[in-house]
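**Q** just a sequence and a predicted model for now, questions to come.
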Amino acid sequence: MSRKKLEFEIGQRFGKLTIISQHTLVQKAHLWWCKCDCGNKVLIDGSALKRKNNKSCGCLKNRPNKRIVIDETITV
C-alpha cells in the first residue's frame, strides 16, 4: 500500500501556524517547520497539519480565559 504524498506550500497557514520550511524526511514522516503568530517555531508532522490537529505552538492552551465579568450577574 502506498502512502499519499502530502503537498504543502511555504507560507500556507493552519490556524496560527505558517509553514516556513520542510524538514528532512525522518522515517517516512514529513516534518515541517512552522512559525506561530506568537513568534515560536515548531516542528510538526504533515499528517497532523492535514488533519488540522495543530492550530498553534501551544500558546492557545496557555491563553487566559476570554470571559469578561462586568458585574456579578452579567458575564459576556
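**A** That came in fine, so what should we check first?
**Q** gap between Cys57 and Cys34?
**A** Using Cβ to Cβ, to the nearest Å, Cys57 is found at 8 Å from Cys34. Backbone N, C-alpha and C define where each C-beta goes, glycine included.
**Q** who's more crowded, those two?
**A** Cys34 (25 against 20; other Cβ atoms under 10 Å).
**Q** where does that one fall, secondary structure wise?
**A** strand 31-36 (DSSP states H and E).
**Q** contacts for that strand?
**A** 8, 14, 16-25, 41-46, 49, 54, 56-57, 59 (Cβ atoms under 8 Å, 6 or more residues apart in numbering).
**Q** which strands or helices does the least confident helix or strand in the chain by mean pLDDT pack on?
**A** One helix or strand of the chain scores below all others by mean pLDDT, DSSP states H and E: helix 46-50, with a mean of 86. Other helices and strands packing on helix 46-50, by 3 or more Cβ pairs under 8 Å, 6 or more residues apart in numbering; DSSP states H and E, are strand 31-36.
**Q** so what sits against both of Cys57 and Cys34?
**A** Common contacts of Cys57 and Cys34, defined by Cβ under 8 Å, 6+ apart, comprise 17, 41-42.
**Q** show the buried residues in these.
**A** Neighbour counting with 16 or more other Cβ atoms under 10 Å marks Leu17 as buried within the shared contacts of Cys57 and Cys34.
**Q** export the shared contacts of Cys57 and Cys34 to a markdown table and tack on secondary structure?
**A** Output for the shared contacts of Cys57 and Cys34, formatted as a markdown table (DSSP: H, G, I helix; E, B strand; the rest coil):
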| residue | secondary structure |
| --- | --- |
| Leu17 | strand |
| Lys41 | strand |
| Val42 | strand |
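**Q** ok, of the shared contacts of Cys57 and Cys34, which one's closest to Ala29?
**A** Taking Cβ to Cβ as the measure, Ala29 sits nearest to Val42 out of the shared contacts of Cys57 and Cys34, at 14.7 Å.
**Q** okay, and the beta partners of that closest one?
**A** Cys34 (DSSP bridges).
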